[in-house]
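**Student:** Let's see this in three dimensions:
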Amino acid sequence: MHVTPAVVAEEYEWVRSRGDRTVPLINEVREDLADLFETTVDPVSDQQYTEAVEAVFADGDLAVNVAALVRLLRNLDVDGDYPGFVVDELLGRELAGMLAGTQPLRLLGEATFHYADVHIHDGAGAGTDDLDAALAAGFQTRLPGWNWTEGPSPFSVSE
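**Tutor:** Below is the predicted model:
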């Protein structure tokens, strides 16, 4: 695979156009996690998703890596799937973490990927459902709406 600025632009357009699939997945994951953690989480709008995609791809260093992972997952399939299980999980988890942001959001994005992945199946290829899970997990973690992320941390030390 040869990644060029044109490839990054193509993957940006693909991820951006995937909002009709990704936003409902984000909101399903948020509803499930809200129930599990007995909290409320704001749903994500199409506009919020689009703005988050634009922010990720505006950072060229991040964009090239995200584009490469997206392209790999879009084209990944393995005969019998199981032998490729580790590869698609590894790529999906890494993509979710990149999209989520810096720590601790990165780790939460990676963990959420595994939750989302067991709930998303499209049968199109080994990497496709992992790509959908990664987009949903990474962007849902990156976007506001969780009450614990609103306001200053109670653990901040100030003088």
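**Student:** Helices of the protein, start to end?
**Tutor:** Taking DSSP state H as the criterion, the chain contains helices spanning 5-17, 19-36, 46-58, 60-75, 85-100, 105-117, 128-142.
**Student:** among those, which is nearest P154?
**Tutor:** The minimum distance between P154 and those falls on helix 105-117, with 17.5 Å, by Cβ to Cβ. For the C-beta atoms, the positions are set from N, CA and C on the backbone; glycine is no exception.
**Student:** residues touching R74, list them.
**Tutor:** R74 makes contact with W14, G127, T128, L131 under the criterion Cβ atoms under 8 Å, 6 or more residues apart in numbering.
**Student:** typo on my end, it should be D117
**Tutor:** For D117, the set of contacting residues under the criterion of Cβ under 8 Å, 6+ apart consists of E89, G92, D129, D130, A133, A137.
**Student:** can you tell me how far D132 sits from G151?
**Tutor:** Using Cβ to Cβ, to the nearest Å, we find D132 at a distance of 32 Å from G151.
**Student:** The two: who's more crowded?
**Tutor:** For D132 versus G151, the count of surrounding residues by other Cβ atoms under 10 Å is larger for D132: 22 against 7.
**Student:** wait, doesn't that one sit right on G19?
**Tutor:** No - counting by Cβ atoms under 8 Å, D132 does not reach G19; the two are 12.0 Å apart.
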